[in-house]
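Visitor: just coords:
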C-alpha cells in the first residue's frame, strides 16, 4: 500500500501560520469590549488627545516634512485645522469608548491620530506609532460587540469576534521594537560605550531633563549598571520580534517592557507610558477565565442601556445623557492635557513624568501578578493554547 | 477574512515592514513610519560630549541688552521640540553667509518682541559649540562659531 506523500515544508509552515493567526490570542467579545474601554478610556482620560496647536508658532520656512501625509501640504496647517482634528479625535474617541458605530469610529480615530502626527517632520521622533495603528487594526476585531451601544442597537447581532488583529498587533509591536533594537545593535550599544548614559547626558544638557532618578543616576550609578542597561535594552528590543511566534513568551516580553518603560521614565524622563494600556490586549484571553467578567459586562451593559434609552418618563429625559456626553466632550477637548494631567497640576505635580507613572505603576503591578500566576501554573500544569511551530 | 487571505496579509506585512525599515535607514525616513525611535550610537563615548547651543543677543531701543537661550523664543513648544525647532529655524548652514533673509528676520523680530516690554533695535543669533566632560557633565570649553544678526533700526542684515 502506497503511503501518503509527506506534506511539503511550505505547506507545513502555512498550516502553522494559519493556526497561529487563529489561535495565538483566543478571547471573547466580553474581554474585547473591556479592552476597547481600557484603550479609549486611557487615551481620553489619562494619556490625553494629541495636541499639535503649538505647530502654529513655527514659521513656514521651518516646514520640512518627511515623506508622508504631511508632505502633501505646502506649509504647517493653521491652528483651526489642528483644533478641528482634536475635536474629531475626541468625538471618535468617545464613540469608541461607548461602542457607538465602533468599527467606523475606530478607523476614523486611527486616521485622525495619523494625520495629527504627520506634520512634525524632523522636529520629533515619529509620534506614538503603535497607538496610531492600534484602533485601525482592532477595528477588524468587532471589539464593539459587547459593552457597547452597538450591542443595544443590534440586540440580535452575532457576537462573533476576530482574534487575528491581536496576532497582527503582536507582529507589529515585535517589529517596532526590533527596529529600535537592531539600530542600537548596529551603532555600538554592546560595546563598552555606556550608550544609555550618553543619551541621558545629552537629553539632560539639551532639554534640561533632571526629574526623578536622572540626577542621581548621572552622579552615582556605577559603570556596570549602565552596561547592564545597554545590554538589557538591546536584548529586550531585539528579542521582542523573536518572541512573536510564542504568545506566552511574547506576553513575558510585554510584562518586561512595562518595567523597561518605567525605568526609562524614571531615569531618562522619556514617557512611553502610552504603551501600557495597549499591551493589555495581549492579556485579554486571561480575562475569560474570570467568572466575574460576564457578570460585570452584563451589569455595565445594563447601565449603558439606562443611559442610552432612559426608562424614566420625565419630559426631556432623553436629553440628559446627551448633555452628559456634551459636558464630557468639552472637558476632554480643551487644550492643556488630559483630565489626569489637570488633576496632577491641581495637586502641584508636573504631569510629566507623573502621569506616566500613574499608567506604568499599575501596569507593572499587573505584570507582577501575571508573572506570579505563570509561576503557579508551572507548578500545576494546565492545557495550553500554545501553537507548535514546525522545526 | 479567509485563512488564506489572512496568511497573505501577515506574510505581506512582514515583508513590507522590513522593506520600510531598509528604505527608512538607507533612503529617507517617512513620517509617520512604523519604526520606534532608534537612539543610535553612544553620545560622548570618547569622554567628551559636544553640543550646539543657540543664543539670542538682543539690543533694545532704550540701549539695554539681553542674552537668552534661543529656546525662549518658542516657549509654547514642548521642551523636546524647542531645541530642534531653533536648529531648524537657524540651521548651521545659515551662519555661513552671515545674513538673515527677510522671512527669517521678520519671524525673529516678532518672537523677540514678545520677550520684553521694550522695542527691539537689533538681534543676533549666536551659534555656540560647547564641550562637556562625559564623566561629570562639567563644561570643558565653549566657543562661538557663528553669528547672524538683524538691525531693525538701520534696516539691514549682517
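Guide: Great, that's in hand. All values reported here derive from a predicted model rather than from experimental measurement.

Visitor: can you classify residue A:139 as helix, strand or coil?
Guide: helix (DSSP: H, G, I helix; E, B strand; the rest coil).

Visitor: dump the residue contacts of the spatially most central residue of chain A.
Guide: Centroid check for chain A by Cα atoms, centre = their mean gives residue A:278 as the closest residue, at 2.6 Å. When contacts are counted by Cβ atoms under 8 Å, 6 or more residues apart in numbering or on different chains, residue A:278 touches A:39, A:130, A:131, A:134, A:169. Any C-beta I mention is one placed from the backbone N, CA and C, and that applies to glycine too.

Visitor: same question for residue A:167.
Guide: Neighbour list for residue A:167: A:20, A:21, A:24, A:25, B:10 [criterion: Cβ under 8 Å, 6+ apart].

Visitor: repeat for residue A:177
Guide: With Cβ under 8 Å, 6+ apart, residue A:177 has these contacts: A:236, A:237, A:238, A:240, A:241, A:257, B:36.

Visitor: repeat for residue A:17
Guide: Here residue A:17 is in contact with B:7, B:10, B:11 (criterion: Cβ under 8 Å, 6+ apart).

Visitor: in what helix or strand does the last one lie?
Guide: If you go by DSSP states H and E, residue B:11 is part of helix B:3-26.

Visitor: can you report how many residues neighbour residue 47?
Guide: You didn't say which chain, so I picked chain A. The number of residues packed near residue A:47 is 26, by other Cβ atoms under 10 Å in any protein chain shown.

Visitor: please refer instead to chain B.
Guide: Residue B:47 has 9 nearby residues by other Cβ under 10 Å.

Visitor: in a helix, residue B:49, correct?
Guide: No - Residue B:49: not assigned to a helix; according to three-state DSSP it is strand.

Visitor: could you give the bridge partners of it?
Guide: When assigned by DSSP bridges, residue B:49 has beta-bridge partners residue B:132.

Visitor: that one contacts residue B:41, doesn't it?
Guide: No - look at residue B:49 against residue B:41 with Cβ atoms under 8 Å: they stay out of range, at 11.6 Å.

Visitor: can you pull the buried residues of the helix or strand hosting residue A:179?
Guide: Residue A:179 belongs to helix A:164-186 when elements are defined using DSSP H and E. Neighbour-count burial for helix A:164-186 flags A:164-185 (criterion: 16 or more other Cβ atoms under 10 Å in any protein chain shown).

Visitor: now do stretch A:296-307
Guide: A:297, A:300, A:301, A:304.

Visitor: so which of these is the closest to chain B?
Guide: Of all the buried residues of stretch A:296-307, residue A:297 has the smallest distance to chain B: 26.1 Å, by Cβ to the nearest Cβ.

Visitor: residue B:52: what secondary structure?
Guide: Residue B:52, by the three-state scheme (three-state DSSP), is strand.

Visitor: for it, grab the count of nearby residues.
Guide: A count of nearby residues for residue B:52, using other Cβ under 10 Å, gives 15.

Visitor: how close does it get to chain A?
Guide: 9 Å (Cβ to the nearest Cβ, to the nearest Å).

Visitor: check residue B:100 too.
Guide: Counting by Cβ to the nearest Cβ, the gap from residue B:100 to chain A is 11 Å.

Visitor: can you count the residues close to that residue?
Guide: Neighbour tally, residue B:100, other Cβ under 10 Å: 22.

Visitor: again with residue B:147
Guide: Neighbour tally, residue B:147, other Cβ under 10 Å: 15.

Visitor: other SSEs contacting the helix or strand hosting it?
Guide: According to DSSP H and E, residue B:147 maps onto strand B:139-151. Here strand B:139-151 touches helix B:102-113, strand B:120-133, strand B:156-157, going by 3 or more Cβ pairs under 8 Å, 6 or more residues apart in numbering or on different chains; DSSP states H and E.

Visitor: pipe the contacts of residue A:278 into JSON lines and attach secondary structure and pLDDT per row.
Guide: As requested, the contacts of residue A:278 are exported to JSON lines (DSSP: H, G, I helix; E, B strand; the rest coil; pLDDT from 0 to 100):
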{"residue": "A:39", "secondary structure": "helix", "pLDDT": "97"}
{"residue": "A:130", "secondary structure": "helix", "pLDDT": "97"}
{"residue": "A:131", "secondary structure": "helix", "pLDDT": "97"}
{"residue": "A:134", "secondary structure": "helix", "pLDDT": "98"}
{"residue": "A:169", "secondary structure": "helix", "pLDDT": "98"}
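
Visitor: out of these, which comes closest to residue B:99?
Guide: residue A:131 (43.1 Å; Cβ to Cβ).

Visitor: spatially nearest residue to the residue of the stretch 1-150 of chain A found nearest chain B (excluding sequence neighbours)?
Guide: The minimum distance from the stretch 1-150 of chain A to chain B, using Cβ to the nearest Cβ, falls at residue A:66 (3.7 Å). The spatial neighbour of residue A:66 that comes closest, neighbours along the chain excluded (Cβ to Cβ, 6 or more residues apart in numbering or on different chains), is residue B:31 at 3.7 Å.

Visitor: burial measure for residue 32, as a count.
Guide: The chain I'm using is chain A. Neighbour count for residue A:32, taken as other Cβ under 10 Å: 27.

Visitor: hm, I was asking about chain B
Guide: Residue B:32: 24 surrounding residues under other Cβ under 10 Å.

Visitor: for it, grab phi and psi.
Guide: Main-chain torsions, residue B:32, degrees, to the nearest 10: phi -70, psi 150.

Visitor: contacts only, for it.
Guide: The neighbours of residue B:32, taking Cβ under 8 Å, 6+ apart as the test, are A:68, A:114, A:117, A:118, A:126, A:127, A:129, A:132.

Visitor: okay, domains of chain B per the record?
Guide: For chain B, the structural domains run B:1-40, B:48-157, going by automatic domain parsing.

Visitor: how about those domains in a markdown table, adding distance to residue A:57 and mean pLDDT?
Guide: Output for the domains of chain B, formatted as a markdown table (distance: least, Cβ to Cβ, whole Å; pLDDT from 0 to 100):
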| stretch | distance to residue A:57 | mean pLDDT |
| --- | --- | --- |
| domain B:1-40 | 19 | 94 |
| domain B:48-157 | 5 | 91 |
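
Visitor: residue A:78: which of those is closest?
Guide: Per Cβ to Cβ, nearest to residue A:78 of the domains of chain B: domain B:48-157, 15.3 Å.

Visitor: neighbours of the residue nearest to residue A:66, how many?
Guide: Here the number of neighbours of residue B:31 (other Cβ under 10 Å) works out to 26.

Visitor: isn't it right next to residue A:114, touching?
Guide: No - contact between residue B:31 and residue A:114 fails when scored by Cβ under 8 Å: they sit 10.2 Å apart.

Visitor: quick one: residue A:125 is in a helix?
Guide: No - under three-state DSSP, residue A:125 sits outside any helix and is assigned coil.
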